[in-house]
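sequence first, predicted model second:
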Amino acid sequence: MAQPWKIIESIPTDEGALELRQRGERDFLIMIGPQILMNSLANRSEVVLGQLGCEHLKESVTPRVLVGGLGMGFTLKAVLDTLPGSAQVVAAELNRTVVEWCRGPLAALTENAVNDPRVTIEIGDVAHRIRRTAVNGGEARFDAIILDLYRGPHAKTDAKNDPLYGSRAIENMRAALKPCGVVAVWGEQYDESFSKRLQSAGFTVTTDRPGRGGLRHAVFVAHLKQSKKSGKHAS
């Protein structure tokens, strides 16, 4: 008989209660309202996202990576495991409580990845961070931008104005990347329109569907081609 879920903490948000639940030693849920955002025992796509987003940087001297969304820290852990010890990783998370969970009850799941010395935590909207980097340019740009947010691109995404997955946001990501940089994005399912928007902006796009059978999430990996356009950004 399955153990009941225990609510570790619940905080109010505009979208409903954000809750961390636990049963057993390593079985956790993060929920918002009635929606399950993440289960600690189903993290394959998050791990693959981090690996594929950074595999081109294994031999880099001082790569810079932006991770948008912390969740339980599995994507961040995969990023750190793939990168060299000299890397610099900025992890942008909207909710400070999620960071506290990753440093507290969830820490053992990722060997406390959030406290790795290569990591800088920023509380705020990753879309704002990308726009700021696109404007500033130079050495502030990233070798990879990895988006692991609980809402990925989907059929109803505003193709132009969505702050993360629309064409204007994609232009900002281009401008925030160094030459030959990579954007890796988690999606609940494959979205052809998002893939086409990335291609139109000068990226070569591949999609992975980790796992076997059942619901398989999508991992979009977009490699920036050097010859396409200049580093313009959208406001």
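Looks like it arrived, so ask away.

quick one: residue 200 from residue 156, how far?
To residue 156, residue 200 is 19 Å away according to C-beta to C-beta, to the nearest Å. Glycine gets a C-beta too; all of them are placed from N, C-alpha and C.

ok, the two, which is more surrounded?
residue 200 (12 against 9; other C-beta atoms under 10 Å).

which residues touch the more buried one?
Listed by C-beta atoms under 8 Å, 6 or more residues apart in numbering, the contact set of residue 200 reads residue 167.

contact partners of the longest strand along the chain?
Counting by DSSP state E, the longest strand found in the chain is strand 177-187. Applying C-beta under 8 Å, 6+ apart, the contact partners of strand 177-187 are 45-46, 49-50, 52-54, 56, 64, 75, 141-149, 152-154, 165, 170, 173, 194, 198, 203, 217-224, 226.

now stretch 71-89: buried residues?
Residues of stretch 71-89 classed as buried: 71-80, 82-83, 87, 89 (neighbour count, 16 or more other C-beta atoms under 10 Å).

farthest-separated two in these?
Spatially, the most separated pair among those is 72 and 87, at 20.8 Å (C-beta to C-beta).

immediately after the helix or strand that contains residue 102, which helix or strand?
Taking DSSP states H and E as the criterion, residue 102 maps to helix 96-103. Per DSSP H and E, helix 96-103 leads on to strand 119-123 as the next helix or strand towards the C-terminus.

which parts of that following strand are buried?
119, 121.

picking that back up, now the longest strand of the chain, how far from the chain's geometric center?
From the chain centre to the centre of strand 177-187 is a distance of 11 Å (C-alpha atoms, centre = their mean, to the nearest Å).

just the CA atoms of that strand, as PDB, please.
In PDB, the C-alpha atoms belonging to strand 177-187 read as follows (Å, rounded to 0.1, in the frame of the first residue of the first chain):
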ATOM      1  CA  LEU A 177      24.700  33.900 -26.900                       C
ATOM      2  CA  LYS A 178      28.300  33.800 -27.800                       C
ATOM      3  CA  PRO A 179      29.200  32.500 -31.300                       C
ATOM      4  CA  CYS A 180      28.100  28.900 -31.900                       C
ATOM      5  CA  GLY A 181      26.100  29.000 -28.600                       C
ATOM      6  CA  VAL A 182      23.300  26.600 -27.800                       C
ATOM      7  CA  VAL A 183      19.700  27.000 -26.500                       C
ATOM      8  CA  ALA A 184      18.200  24.000 -24.900                       C
ATOM      9  CA  VAL A 185      14.500  24.000 -23.900                       C
ATOM     10  CA  TRP A 186      12.300  21.500 -22.100                       C
ATOM     11  CA  GLY A 187       8.800  21.000 -23.400                       C
END
